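[1] for reference, the sequence and a predicted model appear below.
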Amino acid sequence: MSPTGKLEYQDFGISALYYFYQQEKAHHGIEAFAKAGIGFMKNNSDLNFERVNNNHVMFGLGAGYGFVT
């Protein structure tokens, strides 16, 4: 038997993006970047549930290629 009910949640967070170097024109050519952020989640339900963690952390590194001229 599948449970029935309602689950509501809200996710809040903030993140930052940093480009290691920039070309003469912004977002043109190859760019390396780093991203980091933090956040938390609130939820409410009439279902029986267990919340394991309210908080989350995010880190990332990457590269992209901009086609804007």
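    Everything's here; your move. Numbers count the residues shown, from 1 in each chain.

[2] name the element the residue nearest the centre of the chain belongs to?
    Central residue of the chain (Cα atoms, centre = their mean): Met58, 6.5 Å from the mean position. Assigned by DSSP states H and E, Met58 belongs to strand 55-67.

[3] each with direction, which strands does that strand pair with?
    Using DSSP bridges, the strands paired with strand 55-67 are strand 28-45 (antiparallel).

[4] hmm, who's touching the strand it pairs with?
    Judged by Cβ atoms under 8 Å, 6 or more residues apart in numbering, the contacts made with strand 28-45 from elsewhere in the structure are 5-23, 49, 51, 54-69. C-beta coordinates here come from the backbone N, C-alpha and C atoms, glycine included.

[5] how does it look with 10 Å?
    Under the contact criterion Cβ atoms under 10 Å, 6 or more residues apart in numbering, strand 28-45 has outside partners 3, 5-23, 49, 51, 53-69.

[6] rounded mean pLDDT for stretch 16-24, please.
    Mean pLDDT, computed over stretch 16-24, is 79.

[7] whoops, I mixed them up, stretch 62-69
    Averaging pLDDT along stretch 62-69 gives 80.

[8] CA atoms only: put it into PDB for me.
    What follows is stretch 62-69, C-alpha atoms only, in PDB (Å, rounded to 0.1, in the frame of the first residue of the first chain):
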ATOM      1  CA  GLY A  62      34.600  24.000 -14.000                       C
ATOM      2  CA  ALA A  63      35.500  25.400 -17.400                       C
ATOM      3  CA  GLY A  64      33.400  26.900 -20.100                       C
ATOM      4  CA  TYR A  65      33.600  28.400 -23.500                       C
ATOM      5  CA  GLY A  66      31.800  31.700 -24.300                       C
ATOM      6  CA  PHE A  67      30.600  32.300 -27.800                       C
ATOM      7  CA  VAL A  68      29.600  36.000 -27.200                       C
ATOM      8  CA  THR A  69      31.400  38.400 -29.500                       C
END
